[in-house]
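Novice: fold the following for me, if possible:
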Amino acid sequence: MEKAEKIRKSYIDYVLENGQTPASFYAFAKKLKMAEAELYEFYTSFESIEMDVWKSFFDQAIKTAETDPTYQGYSVREKLLAFYYTWVEVLKANRSFVSYNYRKLPQPVAAKNPQELRLFKEAFLTFAHDLMYEGRESKEVIARPYIANKYPEAVWLNTLYILDFWIKDTSRNFELTDTAIEKTVNTGFDLMGRSIVDTVVDLAKFMYQNR
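Specialist: The predicted structure is shown next:
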């Protein structure tokens with residue numbers, strides 16, 4: 001286990017066992033049997049640890065999903081579904097900490113854009129941009145003027161919706177969250193894909209150019 005991962009795990013354990021963050025970085029470093037200066041080589045605050053914890057959940061989900069031999073053959077829609085299902089499994093394994101930390105964030109999270117999620121958001125938007133590019137290449141996503149560049153942000157907002165839904169989900173084995181994932185992803189790609197509106201616009205362009 002690398003040192004940064006060990007620090008994150010120790011922080012999570014401390015928070016869950018004590019219901020609060022350590023009294024100080026010095027006290028936390030002492031618990032880790034590290035010099036405070038050494039701890040600063042990895043993190044500069046408890047907030048920075050929390051930021052990296054959220055990003056580590058994303059990294060773990062992506063790595064697990066991409067390890068599946070069938071992943072590269074998936075459509076863009078299927079890749080996003082695979083990520084969400086895998087990500088929720090990672091969150092399940094850390095539900096106590098995720099629930100504790102999420103409820104500390106300013107609400108509504110989608111509107112407040114909390115600092116704790118910044119690294120996660122940056123990594124996710126890179127992933128979403130890559131998916132949208134691949135989707136345009138495969139014609140699963142239509143590059144509509146003015147709005148196509150907003151698609152990754154829209155997918156990020158859907159990610160926050162799924163997170164909030166999962167936090168509040170009381171169904172057995174979080175079955176309703178799986179349904180929410182399926183419905184929101186399918187609806188999103190139906191909206192981003194070619195629709196009757198695009199067909200009508202193409203026809204209107206053709207008629208105008210050949211009047």
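Novice: please make it C-alpha for all contacts and neighbour counts, starting now.
Specialist: OK.
Novice: please parse this structure into its domains.
Specialist: If you go by automatic domain parsing, the domain ranges for the chain are 1-44, 46-209.
Novice: quick one: mean pLDDT for the longest one?
Specialist: In this model, domain 46-209 carries a mean pLDDT of 91.
Novice: gap between the two ends of it?
Specialist: This stretch, domain 46-209, spans 61 Å end to end (CA to CA, to the nearest Å).
Novice: also stretch 135-155?
Specialist: Its first and final residues considered, stretch 135-155 spans 13 Å by CA to CA.
Novice: could the domains of the chain go into CSV alongside mean neighbour count?
Specialist: Compiled in CSV, the domains of the chain are given as follows (neighbours: other CA atoms under 10 Å):
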stretch, mean neighbour count
domain 1-44, 14
domain 46-209, 16
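Novice: so which residues of the protein form helices?
Specialist: 3-18, 25-31, 36-40, 46-67, 76-93, 95-104, 109-112, 118-137, 151-168, 175-192, 196-209 (DSSP state H).
Novice: for the longest one, which outside residues touch it?
Specialist: Helix 46-67 is touched from outside by 8, 11, 21, 25, 43, 71-72, 82-83, 86-87, 90-91, 115-120, 123-124, with contacts defined as CA atoms under 8 Å, 6 or more residues apart in numbering.
Novice: can you do 6 Å?
Specialist: 86-87, 116-117, 119-120 (CA atoms under 6 Å, 6 or more residues apart in numbering).
Novice: does I142 touch G193 like I think?
Specialist: Yes - in this structure, I142 sits in contact with G193. The criterion is CA atoms under 6 Å, and the distance is 5.3 Å.
Novice: and the contacts of helix 46-67, which is closest to F165?
Specialist: In terms of CA to CA, no member of the contacts of helix 46-67 lies closer to F165 than W87, at 13.6 Å.
Novice: need the nearest residue in space to that closest one, chain neighbours excluded.
Specialist: Nearest-residue entry for W87: A61, 4.8 Å, with adjacent residues in sequence omitted and distances by CA to CA, 6 or more residues apart in numbering.
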